[in-house]
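> model the structure of this input:
(chains A and B)
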Amino acid sequence: MSSLSSSVIRIRGLTRTFQLKSGPVHAVRGIDLTVGRGEILGFLGPNGAGKTTTLRMLTTLLPPSGGDAEIAGHDLLRDPAGVRRRIGYVAQSGGLDPACGVREELVTQCRLHLMSRGAARERAGELARELGLSDLMDRPTGALSGGQRRRLEIAMGLANRPEVLFLDEPTTGLDPGSRAELWELVARVRAEHGTTVFLTTHYLDEADALADRVVVVDSGRIVAEGTPADLKTRYTGDPAASLQDAFLAITGRGATGEPVAI
Amino acid sequence: MTLLAHTGIVFGRALRATLRSKTNLFFGMLQPLLFLALFGPLLTELDIGVSGSSWQALVPGVLIQLTLLGGSYVGLGLLMDRSLGVVDRMRVTPVTPLALLLGRTLRDVVQLVAQAVLLVLLGLALGLRAPLPGVLLGLLFVAVVAAALSALSYGLAMHIRTGQEFAAVVNTAGMPLMLLAGLLLPMSLAPGWLDGISRAVPFRYTVDAVRQVFLGHYANGTVAVGAAVTLALAALCLLAGARLFRSAPA
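Numbering: from 1, shown residues only, chains lettered A, B, ... in the order given. Model (predicted):
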């Protein structure tokens, strides 16, 4: 694990309890985690493990019930606006208006990051070139393919050149070709800009292909962490085992009811 | 200043979205106009106890009805944006959270005032007689009520899950308010008990004030009470809307 001085996310004792009519639900039961600058972290777990709840807390959308965190040099509880300035977030639902054009979405996102009109237009063009969207600028986002839509969402997440990019289940619903493209894209963003990437997934192959380090969560707690190779060796005794085997050994069940996506 | 600039950014996006949806815009404008054109003529031969033609009572009523309905339903659009993730995406930017509410509300005010202008023009063509300062004052009332209801509607929409639930809540609250405010026919026609209940409905004072200013009467008790009640209601709704918007659950 990276040393404290080069860490960009420090999470201590983060918890979240939802009060429902049927009683309290402990979605996140105490997460301690440090993420190094430039690291790609795979936050892996079955559906309902608390991945999205954790992400929503780290992106300031949901106040934690307990614990604290420092993200990109800003305290999550005392300075959420500071955190928002320095992070990018792509939710599972994406956040695109299907009637809105690609150019307008990009420019508006830059404006929401408080760039002047001119700077926003310039940055939008730059992002479009970098993410291969230049030919799609005048299309409504509803007319994009799944892969193109994801690329646009990530472009918008990068509008402010964030130190940390949070991706929630980034390849859910994409075809195999688009998934591979997206992995390449995320790796390239990190290589070119040193962006730290915190991504949740329930696809084991995704964590294996993309993440420097995997954190396995189950029932709101971290149950294992390490490089994919570490986890395979530690939990199955065989570095050539699949991450699926390791995952089964850790949680006592498969990551998802569906087969591992190819 | 920051709040104003941020509100401007959100307003711009919301307004462009409105102008893009031509169908919505067209039908949204058409309905109140049809109402005036097809319902209004029924009243012209009746004595509804107002000075001047029945249009003097009806046009202000339809104006406030348009604002009441148009303003209270804007939350549906926010619900749609919430389910698309648009709202959360914008909440994770440095834009002041309050601006996300005020930018949209300002768009609704502009849209409803524009619709109100068309409505007044049609009213004038049908027989309404009102001086320009009176019409401008009337539109100011429309703008204040629009802001109040729009903000409250958005606040509510942040706490309700589905469009059906939202529509049910707004319908249930809106329908009696509209009837009790005496929008279509003045409450001077009502039996005592109905008139009594209607005095608890703030929009009654708004519409009575608009009727007065359309007659060119600006400095009387009805206008003063209407303005005071409308402003107090707006302050309350904006405050509640902002609180509800901020305290939105995940």
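> wait, isn't B:Arg16 in contact with A:Gly101?
No: B:Arg16 is beyond contact range of A:Gly101, at 9.4 Å (criterion: C-beta atoms under 8 Å). C-beta: built from backbone N, CA, C; applies to glycine.
> these two: who's more crowded?
Per other C-beta atoms under 10 Å in any protein chain shown, whichever of B:Arg16 and A:Gly101 has more neighbours is A:Gly101, with 19 against 15.
> so what does that one look like in phi/psi?
For A:Gly101, the backbone dihedrals (degrees, to the nearest 10) come out as phi -80, psi 160.
> was I right about it contacting A:Gly142?
No: assessed by C-beta under 8 Å, A:Gly101 is found out of contact with A:Gly142, at 10.0 Å.
> for the helix-or-strand element of chain B with minimal mean pLDDT, which positions count as buried?
Least confident helix or strand of chain B, by mean pLDDT, DSSP states H and E, is helix B:22-39 with a mean of 86. Of the residues in helix B:22-39, B:28-29, B:32-33, B:35-36 count as buried by neighbour count, 16 or more other C-beta atoms under 10 Å in any protein chain shown.
> same question, stretch A:12-30
A:14-16, A:27-29.
> widest-spaced pair of the residues you listed?
A:Leu14 and A:Ala27 (10.8 Å; C-beta to C-beta).
> which helix or strand contains whatever residue of the stretch 151-262 of chain A ends up closest to chain B?
Closest approach between the stretch 151-262 of chain A and chain B, counting by C-beta to the nearest C-beta: A:Met156, at 7.3 Å. Secondary structure from DSSP states H and E places A:Met156 in helix A:146-157.
> next secondary structure after that helix?
Following helix A:146-157 toward the C-terminus (DSSP H and E): strand A:164-168.
> most centrally placed residue in chain B?
By C-alpha atoms, centre = their mean, chain B has its centre lying nearest to B:Thr67, at 2.3 Å.
> for stretch B:197-204, buried residues please.
So stretch B:197-204, judged by 16+ other C-beta under 10 Å, has buried residues B:198, B:201-204.
> next one: it to chain centre, how far?
Using C-alpha atoms, centre = their mean, to the nearest Å, the mean C-alpha position of stretch B:197-204 is found 16 Å from that of the whole chain.
> just stretch A:24-32 next, same as before
Taking mean C-alpha positions (C-alpha atoms, centre = their mean), stretch A:24-32 and its chain are 19 Å apart.
> what's the farthest-apart pair in the buried residues of helix B:22-39?
B:Gly28 and B:Leu36 (14.5 Å).
> near chain A, which residues of chain B?
B:6, B:9-10, B:12-13, B:16-17, B:20-21, B:81, B:83-86, B:88-95, B:250 (C-beta under 8 Å from any C-beta of the partner chain).
> count of residues packed around residue 90?
Just going to use chain A. As a burial measure, A:Val90 scores 26 neighbours (other C-beta under 10 Å).
> I was after chain B.
Neighbourhood size, B:Met90 [other C-beta under 10 Å]: 21.
> contacts only, for it.
Neighbouring residues of B:Met90 by C-beta atoms under 8 Å, 6 or more residues apart in numbering or on different chains: A:95, A:112, B:10, B:100.
> now distance to A:Asp218 and secondary structure too, for these, in a markdown table please.
As requested, the contacts of B:Met90 are exported to a markdown table (distance: C-beta to C-beta, whole Å; DSSP: H, G, I helix; E, B strand; the rest coil):
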| residue | distance to A:Asp218 | secondary structure |
| --- | --- | --- |
| A:Gly95 | 28 | coil |
| A:Leu112 | 36 | helix |
| B:Val10 | 39 | helix |
| B:Leu100 | 35 | helix |
